[in-house]
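1. Sequence and predicted structure, then a few things I'm wondering about:
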Amino acid sequence: MSGEDRPAAAAPRPDLYRRLADLTPARLRLEARPGATRLSDLLAFQQDHAAARDAIHGQVDWDALADALAPLPVLRVASRATDRATYLRRPDLGRQLAEADHARLDAARLPDDPPLLVVIGDGLSAPAVMAQVAPLMAALVARLPELQDRPVVLAQGARVALGDAIGAAMGAALVLILIGERPGLSVVDSLGAYLTQAPRVGLRDSARNCVSNIHARGGLSHAAAADRLTWLIHEARRIGTTGVALKDDSGLVQLDH
């Protein structure tokens, strides 16, 4: 095909790109023609990348979090990942409870009628834990009054599966772990929630249900996340399981407040 026969390139549509960009926090190519990256875009990328790195390497202020959760009682535990560098290099250690904490949790076992246990782990985003956990817990307690006098376990150096070890040690029928999600270049403070029936060491991820993207800037709101988790908790109790056997149909039900 000669140059004269080729169709003309589509004219740039900056209005269209701007409208698309308004629909998502993700990055879109805003310039239709190739060229150098605009300085403002480059600086924004570098700033967001630095924020993501800071979120991963940051530390949760556990004392401040305990104060924010008051009057809920808290228990403090840790994984076998003894520092942040080890935590990032050795995910397996973040799934194992520190040896010294086994006896402490056994002493704090829940009553014979095994209830729901909430665990809060730092995961991969300290800002998510500090920003989202307290308001989400307030919303959950409002929907699940049984949580009012029950201890919340604060777990440092936690991966999702650490909730299984903690739940098993305390004799819980259901464990809900709230944990910082891996940050991206648009959101660094997103929280995830994982619900597991009959927690025990060695469970596969298919045995739990996940509610993710909980944050205040375009994500799942604290109220909406609490509604969904409450529905999943009630349904897990009704059918006796979580994971792939528990389908999230919470959007089909209007919860009473």
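-> That came through fine.
2. buried residues in stretch 72-81?
-> Using 16 or more other Cβ atoms under 10 Å as the test for burial, stretch 72-81 gives 72, 75, 77-81. Where C-beta positions appear, they are placed from N, C-alpha and C, glycine not excepted.
3. Please apply the same query to stretch 149-158.
-> So stretch 149-158, judged by 16+ other Cβ under 10 Å, has buried residues 150-158.
4. how about the helices in the stretch 1-150 of the chain?
-> Under the criterion DSSP state H, counting those that start in this stretch, the stretch 1-150 of the chain contains helices at 14-21, 39-57, 62-69, 84-89, 91-94, 99-107, 126-143.
5. Turn those helices into TSV, including distance to Asp164.
-> Shown next, in TSV, are those (distance: least, Cβ to Cβ, whole Å):
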stretch	distance to Asp164
helix 14-21	41
helix 39-57	23
helix 62-69	21
helix 84-89	17
helix 91-94	12
helix 99-107	12
helix 126-143	19
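6. center of the chain, which residue is that?
-> Gly192 (1.6 Å; Cα atoms, centre = their mean).
7. List the contacts of it.
-> Contact partners of Gly192, counting by Cβ atoms under 8 Å, 6 or more residues apart in numbering, are 123, 160, 178-181, 210-214.
8. swap the cut-off to 6 Å and go again
-> Residues in contact with Gly192 (Cβ atoms under 6 Å, 6 or more residues apart in numbering) are 179, 181, 212.
9. pLDDT below threshold where in the stretch 51-200 of the chain?
-> For the stretch 51-200 of the chain, residues meeting the criterion pLDDT under 70 lie at 112-114.
10. Which strand residues bridge Val118?
-> On the basis of DSSP bridges, Val118 is bridged to Leu176.
11. Touching, it and Pro151? I think so.
-> No: look at Val118 against Pro151 with Cβ atoms under 6 Å: they stay out of range, at 8.7 Å.
12. got the CA positions of stretch 66-84 in CSV?
-> Extracted in CSV, the C-alpha atoms of stretch 66-84 (Å, rounded to 0.1, in the frame of the first residue of the first chain):
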residue,chain,number,x,y,z
ALA,A,66,-5.1,0.3,70.0
ASP,A,67,-6.1,3.7,71.3
ALA,A,68,-8.3,4.2,68.1
LEU,A,69,-10.0,0.9,68.7
ALA,A,70,-10.8,1.6,72.4
PRO,A,71,-12.8,0.5,74.3
LEU,A,72,-12.3,-2.8,72.4
PRO,A,73,-9.7,-4.9,74.2
VAL,A,74,-6.6,-5.9,72.2
LEU,A,75,-4.0,-8.6,72.3
ARG,A,76,-0.6,-8.1,70.6
VAL,A,77,1.2,-10.9,68.8
ALA,A,78,3.8,-11.2,66.0
SER,A,79,4.8,-13.5,63.3
ARG,A,80,8.2,-15.2,62.9
ALA,A,81,9.3,-12.4,60.5
THR,A,82,11.2,-10.4,63.1
ASP,A,83,11.9,-7.3,61.0
ARG,A,84,10.5,-5.7,57.9
